[in-house]
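Participant: This is a predicted model, with the sequence first.
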Amino acid sequence: MRQHVAAKRVGIWIRVSTEDQVRGESPEHHERRARLYAEAKGWNVVEVYRLDAMSGKAVRDYPETKSMLEDIRSGHITGLIFSKLARLARNTKELLEFADLFREHNADLISLAESIDTSTPAGRLFYTMIAAMAQWEREEIAERVAASVPIRAKMGKPLGGQAPYGYQWKDKKLIPDEREAPVRKLIYELFREHKRKKTVARILNEKGYRTRNGSKFSDTTVDRLLRDPIAKGTRRANYTKTSDSSKAWELKPESEWVLHEVEAVVPEDLWSDCNALLDAQRAKGKRTTQKTLHLFAGLTYCACGPKMYVLSNSPKYTCQKCRNKIPKDDLEAVFIEQIKHFSISPDEISAHLERANVTIHTKAELLNVLVVERQKLSGEIDKLHDLYQSGMIDKQGFGVKYHPWADRLRQLDEEIPASQAELDVMKIGHLSEEEIIFGAKDLYERWPALPDEEKRQIVEAITEKIIVGKDEVEINLYYAPPPPPSGRSDGSPNQSEGSVPPSTPSNRGKRATNPQRGVALLQFVPITLKARKPKEIDFAPQTIGDHIRKRRFEIELNQKEAGGRLGVTPQTVLHWEKGQTEPPIESIPAILHFLGYNPFREPTTLPERLLATRRAMGWSIKEAAKRLGVDEGTWGAWERGAVVPWKRYLARLEELLQSRSMPIYHRKALKWKKEPPAKDGS
């Protein structure tokens, strides 16, 4: 039994000017077109907001506008359908404010003329553009204001706002306030005595002291007052900035601060003692947390069914059921490479766009035929009416001709908005597909430079699901399913509100045909991208730990089994592979045997040969020096290249190097080059 899915609740916004009504664009026509679009999407129209003959210059204060905004805030409606943006508002500022409000409450804006539906990927792109415009406008204003702040600060002028607690503005100068300054000094004295901000706040409140606005003191207020250096006579200006997104303020670099001397209310040593205590307390109890934001969280599924998550101690998306895994970086690389491949594939692009364009063009032509037929029929009725008025035909003759034409005119009045609604759905669905295709090239080029938060927004806008199999990754992008056939007033059955089945794998992408005219609707084919799943060994080793890890994957060993072969613990293998520690030279022979090849650079000089020999044999400098009969400091100097061995040692060194049988490995053997004797004879 299919689970019932509640229909989306939307409202219809109608604002038609007098000129539009003269041209035949009645409010009823706009309402019917919007209702049919909602019906095609399976949405439930619960409100209609009509602003007849009202100006669009400023609509925010209209009663209908306030009602609509309240319905958005309360969740009574989650979308608003209107004929075009100019009908919603002509004021750009109001449009931006509406966009912010709708985005804040997860509601959708649907403009039929501009083919914008924010419940689709293209609509979400529109939202992003609107947000960018609003942000740009706010940043422009903020930059102009910020540019004037340092100048006013250096001139010592007030920058707005109240004077700090304990001070007051008088003749544009900060001076101590007779009532508040003693309280501020008391705060420092109490904190030096009790060393607890909450205790200081409690004592102040018990003594009857209150903040400037009459509130009780809190530990946060006490901390802020203790930290402010104005109490010791140093006033800071131009030292903070506010984040537009979070509204939280943060400190600017100290080089941008502007400092002024004012009259102090506490001695400098008292201020320093209190701030030293605060610093010590903060350092002792400091906890750093990092916001976890994984790019494909909530969208990644294992082929066996459940979602895959990134665990706290792992850099991979992991299935808790079958332990299928894929590294985060690998999944991101697969995603963006597939987007690029799709965007540069002429066959796939032409197949999607040609089918969409032809179908939309055909639908538009059919709609135009209906419009022309209505105009012609309306003209014939007008002529018939003139003949009747002039007495050239009688009442009976008028009725014989008029009634069939009037019935057909009513049918056309029903048919044209319905066809227009279907065309709206097709255009908007086609636009979302088009944006994904043509935006892919630019997206691929800009992807490395995008911040993580913006990457996540893009992924959410265009990605429906990512399925990770054993050997393959499948990426399903969003697409617009075809609208269900709408009922007609000529007796064909209507589909009840809210009964439109949700898009499912069984009905997605099927060709829907209108039973009234036999016209095939646009076939919205889902876009599925597939790629080979990267293997864990698909990387170029950079460190000795990387070589161990890659070899371990190749021969399918876990860290415990690899540790057994190397003669170390599994934890040691883990530390080597993560680069947390380097293998000691005593372990190098076992590592070379485990790898089957030498990962180190081929030695070409005598110091390099000495080091390579020690690695291969697992000798320390002390042991190597002992075998040659020299001091370990001498060997160390030779190996560093600080000195050249004396002539009498060269033969013994060569004999030692040649006598040591170097292991031959499966992939390549060490090749040793003889160092020519020093020309100076040393």
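Facilitator: That came in fine, so what should we check first?
Participant: going forward, measure contacts and count neighbours with C-alpha atoms only.
Facilitator: OK.
Participant: Neighbours of the residue nearest to residue 163 when sequence neighbours are not counted, how many?
Facilitator: Once flanking residues are discounted, residue 163 sits nearest to residue 169: 6.2 Å by Cα to Cα, 6 or more residues apart in numbering. Using other Cα atoms under 10 Å, the number of residues around residue 169 comes to 14.
Participant: For residue 169, which three-state class applies?
Facilitator: Secondary structure of residue 169, reduced to three states by DSSP: H, G, I helix; E, B strand; the rest coil: strand.
Participant: Correct me if wrong: it contacts residue 262.
Facilitator: No. The pair formed by residue 169 and residue 262 falls short of the contact definition of Cα atoms under 8 Å, at 11.6 Å.
Participant: List the residues that are in contact with both of the two.
Facilitator: Both residue 169 and residue 262 are contacted by residue 175, under the criterion Cα atoms under 8 Å, 6 or more residues apart in numbering.
Participant: Residue 331: neighbour count?
Facilitator: 21.
Participant: what pLDDT does residue 249 get?
Facilitator: pLDDT, the model's per-residue confidence, is 62 for residue 249.
Participant: Now for the residue lying closest to residue 106 once chain neighbours are set aside, how many residues are close by?
Facilitator: The shortest distance from residue 106 to any non-neighbouring residue, by Cα to Cα, 6+ apart, is to residue 78 (7.2 Å). The local packing count at residue 78 equals 19, with neighbours defined by other Cα under 10 Å.
Participant: Run a quick check on residue 78 versus residue 9, I expect a contact.
Facilitator: Yes. The pair formed by residue 78 and residue 9 meets the contact definition of Cα under 8 Å, at 5.8 Å.
Participant: And the chain, what are its domain boundaries?
Facilitator: Here the domain assignment for the chain is 9-142, 156-283, 341-489+506-532, 544-659, based on automatic domain parsing.
Participant: Make JSON lines from these and add distance to residue 335 to it.
Facilitator: Formatted as JSON lines, the entries for the domains of the chain read as follows, by distance: least, Cα to Cα, whole Å:
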{"stretch": "domain 9-142", "distance to residue 335": "17"}
{"stretch": "domain 156-283", "distance to residue 335": "29"}
{"stretch": "domain 341-489+506-532", "distance to residue 335": "7"}
{"stretch": "domain 544-659", "distance to residue 335": "24"}
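Participant: Which one of the ones you listed has the poorest average confidence?
Facilitator: Comparing mean pLDDT over the domains of the chain, the weakest stretch is domain 341-489+506-532, at a mean of 70.
Participant: Contact partners for residue 472?
Facilitator: With contacts defined as Cα under 8 Å, 6+ apart, residue 472 is in contact with 530-533.
Participant: so of those residues, which ones are in strands?
Facilitator: Mapping these onto strands (DSSP state E) picks out 530-532.
Participant: picking up where we left off before, of the contacts of residue 472, which is the nearest to residue 43?
Facilitator: Relative to residue 43, the closest of these is residue 530; by Cα to Cα it sits at 32.8 Å.
Participant: If you tally nearby residues, what's the number for the closest one?
Facilitator: Other residues near residue 530 come to 16 when the count uses other Cα under 10 Å.
Participant: Go ahead and confirm it touches residue 473.
Facilitator: Yes. Contact between residue 530 and residue 473 holds when scored by Cα under 8 Å: they sit 5.7 Å apart.
Participant: quick one: the residue most central in space within the chain from residue 450, how far?
Facilitator: Here the mean C-alpha position of the chain is nearest to the C-alpha of residue 456 (Cα atoms, centre = their mean), at a distance of 2.5 Å. In this structure, residue 456 lies at 10 Å from residue 450, with Cα to Cα, to the nearest Å as the measure.
Participant: before we move on, what about residue 626?
Facilitator: Relative to residue 450, and taking Cα to Cα, residue 626 is found at 58 Å.
Participant: Same check on residue 268?
Facilitator: Per Cα to Cα, residue 268 is found 47 Å from residue 450.
Participant: Just the pLDDT at residue 328, thanks.
Facilitator: Predicted confidence (pLDDT) at residue 328: the value is 84.
Participant: ok, and the closest non-adjacent residue to it?
Facilitator: Setting aside the residues directly before and after it, residue 328 is nearest to residue 316 in space (Cα to Cα, 6+ apart), at 5.2 Å.
Participant: In contact with the one you found, which residues?
Facilitator: Under the criterion of Cα under 8 Å, 6+ apart, the neighbours of residue 316 are 309-310, 325-328.
Participant: top of those by neighbour count?
Facilitator: Among these, residue 326 has the most neighbours (other Cα under 10 Å), with 24 neighbours.
Participant: Specify the beta-bridge partners of it.
Facilitator: Applying DSSP bridges to residue 326 yields these beta-bridge partners: residue 317.
Participant: is it true that it touches residue 317?
Facilitator: Yes. Using Cα under 8 Å as the test, residue 326 is close enough to residue 317 to be in contact (5.4 Å).
Participant: Quick one: the helices in the stretch 451-600 of the chain, in order.
Facilitator: In the stretch 451-600 of the chain, the segments counted as helices under DSSP state H, counting those that start in this stretch are 452-462, 544-554, 559-566, 570-578, 588-595.
Participant: Throw those helices into a markdown table and include distance to residue 334, thanks.
Facilitator: Shown next, in a markdown table, are the helices of the stretch 451-600 of the chain (distance: least, Cα to Cα, whole Å):
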| stretch | distance to residue 334 |
| --- | --- |
| helix 452-462 | 13 |
| helix 544-554 | 20 |
| helix 559-566 | 27 |
| helix 570-578 | 24 |
| helix 588-595 | 29 |
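Participant: And those: which comes nearest residue 341?
Facilitator: Comparison of those against residue 341 by Cα to Cα identifies helix 452-462 as nearest, at 15.7 Å.
Participant: how far out from the middle of the chain is that closest one?
Facilitator: Remark: helix 452-462 is offset 3 Å from the chain centroid, using Cα atoms, centre = their mean, to the nearest Å.
Participant: After the strand or helix carrying residue 226, which helix or strand is next? Please name it.
Facilitator: Using DSSP states H and E, the secondary-structure element containing residue 226 is helix 219-227. Helices and strands here follow DSSP H and E; after helix 219-227, the next one along the chain is strand 234-237.
Participant: For that next one, which strands pair with it and how are they oriented?
Facilitator: For strand 234-237, the paired strands and their directions (DSSP bridges) are strand 258-261 (antiparallel).
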